[in-house]
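Colleague: Let's see this in three dimensions:
(2 chains)
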Protein chains: 2
Amino acid sequence: MEDEIISLGMKTIKEKSEIFGDDAGAFRVSDAWMIFTNDMLVWSTDVVKEMSYEDVGFKVVTMNVSDISAMGGKPMFFAFSIGLPEYDKKVEKGIFEGIQAGLKEYGMKLISADTNFSKELVIDGIAIGTSKKLLLRKNARVGELVCVTGDLGRPLSALLISLKNFRVEEDDRERIFEKLIRAKARVEEGQKLTEFSECGIDISDGLVRELKALSQASKVGMVIKSENLPISEEVKNFCEINGLDQYLVAMNSGEEYELVFTVKKDRVDEINFDFTVIGEVIEEKGVFFERNGKIEKPRDLSWRHFETSIL
Amino acid sequence: MEDEIISLGMKTIKEKSEIFGDDAGAFRVSDAWMIFTNDMLVWSTDVVKEMSYEDVGFKVVTMNVSDISAMGGKPMFFAFSIGLPEYDKKVEKGIFEGIQAGLKEYGMKLISADTNFSKELVIDGIAIGTSKKLLLRKNARVGELVCVTGDLGRPLSALLISLKNFRVEEDDRERIFEKLIRAKARVEEGQKLTEFSECGIDISDGLVRELKALSQASKVGMVIKSENLPISEEVKNFCEINGLDQYLVAMNSGEEYELVFTVKKDRVDEINFDFTVIGEVIEEKGVFFERNGKIEKPRDLSWRHFETSIL
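Modeller: Numbering: from 1, shown residues only, chains lettered A, B, ... in the order given. Here you go, the predicted structure:
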């Protein structure tokens, strides 16, 4: 639905920046790129009861910074517009403190802010970054390896527990909820990647969705080895006790804020941070998952903005 | 109320850009300033029934561009986040067409956009501009003239007609509503002003409010000759038939998107666009209005976000 709105709307608008519609927009200033993104958090669709107001403020910063990182940028400035349903000092203080914590975490400065009253809490976050070189979705090339930072599956597992009453072992709860509640953007990795890679995206809507975006923009295909997906013990355990397919959870989990990127085989050993090789760029268009030697089309369950139907 | 939220919140946030809290924020890139602002439109407080969806889209652009102009900037890029209560193609098309018309009007390119569902329609607009020199609120100097572009009073008159059933003569209606419905930012004037002036602000909350902001930031006072306020015949007529004080209407009318600026007396003749000298910067702190030779403290009726009590 959102995609439909965006594509209809974007046809209406003729004038666009040189780089538009990637993880962020960008324009050149002398010998560097200014990278620019905005992403709105809406209370009724983006917040779960386990999050504090500070977590909400921090998340607005993270989700925008993650898009700057996915372009290879160094985050510099942040801005936000907030709509509050009523004036409650505690709510407002919590959110502002969360934003302050985010600015500190990512070394950013606030450049502009606007407050309003609205019928539900909305916060539009805006991030500005810079880079000499951009990681673009259209730059994946056949033969390159597909890689991902961190581990996958925890945010979706946490949502299933929070919204759909799935079971969790008490020892696993904290680790599973950690990323949904206070994910951190891959700021260092994004900047380092500009040395090794030309192509990246962040996981906000789920791995399948992001791989499709890369493949379509680059006019290539990708084959992912399901067994290679980085899945934590807690998620494996959660899936087992709830009878869920761990790979399905990992490939559809959103709000991960991990980076997916491609890299030439002969350069992969140079990368100086933790990551996992999960697959390869191929000529045949589409996104494929290989499991036990068999190729399958992935199930794109979409992410949760309006449907959380994992089952 | 909004001011209270902003000031509490802004104390929480430590890291700020070099220029923060003026009409827009700004940072240096090589020999120029990048100017940055964001301003959210909320359906329940910012839209009147006389506006079409296109007018709403155009307004989101104008209100942000006006802040760039108030800093002396040339508008370059625009971005927005929209929250829609439900998916209605007509609503969405109208708003996007209004945004497109705004981009064309101001010669801007779209750099980023985000769509969401929310309980009421909100649109956060974001504008990026550039200038070699900035007009700042803190730069008014004693002895300078206080000037304003255009005419004052039409938007407040229109609101009183729309929301409070004040009377209007049919011949005057169109001109009175014109600015509330489709105001244009003073883009050319703002850029030209950097040659003649150091200090400017745009009228979004009403002249009294903006003069207070200039005076406080510059640690000076201002005395305005009420008889000099540029008021159109339509507003004079409207005030007369409704028994309203035309100066009170002109000095409290918001969403004018006119520029208020100060200029040295010996440079005022060089200014090559239409404007009106309305007063002078003085040493005694405060904002004063002189009428029939008598000085009076202005009534700051605030603007309409939550109170529309002009009476």
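
Colleague: How about residue A:172: what's its closest non-neighbour residue?
Modeller: Computed as C-beta to C-beta, 6 or more residues apart in numbering or on different chains, the closest residue to residue A:172 that is not its neighbour in sequence is residue A:234, at 4.1 Å. To be clear about C-beta, it is placed using only N, CA and C from the backbone, and glycine gets the same treatment.

Colleague: what is the mean pLDDT for the helix or strand where residue A:262 lies?
Modeller: Here residue A:262 sits within strand A:259-263, counting by DSSP states H and E. Summarised as a single mean, pLDDT over strand A:259-263 is 98.

Colleague: Show me what the helix or strand just after it is packed up against.
Modeller: Helices and strands here follow DSSP H and E; after strand A:259-263, the next one along the chain is strand A:276-282. Counting contacts by 3 or more C-beta pairs under 8 Å, 6 or more residues apart in numbering or on different chains; DSSP states H and E, strand A:276-282 packs against strand A:145-148, strand A:221-225.

Colleague: I would like the residues contacting the strand holding residue A:262, please.
Modeller: A:69-70, A:135, A:139-141, A:144-149, A:186, A:189-190, A:193, A:196-203, A:207, A:210-211, A:214, A:271, A:281 (C-beta atoms under 8 Å, 6 or more residues apart in numbering or on different chains).

Colleague: follow-up on the earlier one: now the helices and strands packed on strand A:276-282 in a markdown table, please, with extra columns for mean neighbour count.
Modeller: Compiled in a markdown table, the helices and strands packed on strand A:276-282 are given as follows (neighbours: other C-beta atoms under 10 Å in any protein chain shown):
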| stretch | mean neighbour count |
| --- | --- |
| strand A:145-148 | 23 |
| strand A:221-225 | 20 |
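
Colleague: I'd like these as CSV, with mean pLDDT and distance to chain B appended.
Modeller: Below are the helices and strands packed on strand A:276-282 laid out as CSV (pLDDT from 0 to 100; distance: least, C-beta to the nearest C-beta, whole Å):
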stretch, mean pLDDT, distance to chain B
strand A:145-148, 98, 24
strand A:221-225, 97, 26
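
Colleague: Adding distance to residue A:285 as columns, could you present these in JSON lines?
Modeller: Listed next are the helices and strands packed on strand A:276-282 as JSON lines, based on distance: least, C-beta to C-beta, whole Å:
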{"stretch": "strand A:145-148", "distance to residue A:285": "15"}
{"stretch": "strand A:221-225", "distance to residue A:285": "5"}
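
Colleague: can you pull the contacts of residue A:91?
Modeller: Counting by C-beta under 8 Å, 6+ apart, residue A:91 makes contact with A:53, A:84, A:121.

Colleague: what's around the residue nearest to the first one when sequence neighbours are not counted, how many residues?
Modeller: Distance criterion C-beta to C-beta, 6+ apart; nearest residue to residue A:53, sequence neighbours excluded, is residue A:94 at 2.6 Å. Using other C-beta atoms under 10 Å in any protein chain shown, residue A:94 has 18 neighbouring residues.

Colleague: With residue A:138 instead?
Modeller: Neighbours around residue A:138, by other C-beta under 10 Å: 13.

Colleague: Could I get the contacting residues of it?
Modeller: By C-beta under 8 Å, 6+ apart, the residues touching residue A:138 are A:22, A:199, A:217, A:218, A:219.

Colleague: Just the buried ones from the residues you listed?
Modeller: Buried subset of the contacts of residue A:138 (neighbour count, 16 or more other C-beta atoms under 10 Å in any protein chain shown): A:22, A:199, A:217, A:218.

Colleague: the helices in the stretch 201-311 of chain A, which residues?
Modeller: A:207-218, A:233-242, A:246-252 (DSSP state H, counting those that start in this stretch).

Colleague: want to throw those into JSON lines with distance to residue A:75 and mean pLDDT?
Modeller: Listed next are the helices of the stretch 201-311 of chain A as JSON lines, based on distance: least, C-beta to C-beta, whole Å; pLDDT from 0 to 100:
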{"stretch": "helix A:207-218", "distance to residue A:75": "20", "mean pLDDT": "96"}
{"stretch": "helix A:233-242", "distance to residue A:75": "28", "mean pLDDT": "97"}
{"stretch": "helix A:246-252", "distance to residue A:75": "27", "mean pLDDT": "94"}
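
Colleague: Perfect, I'm done here.
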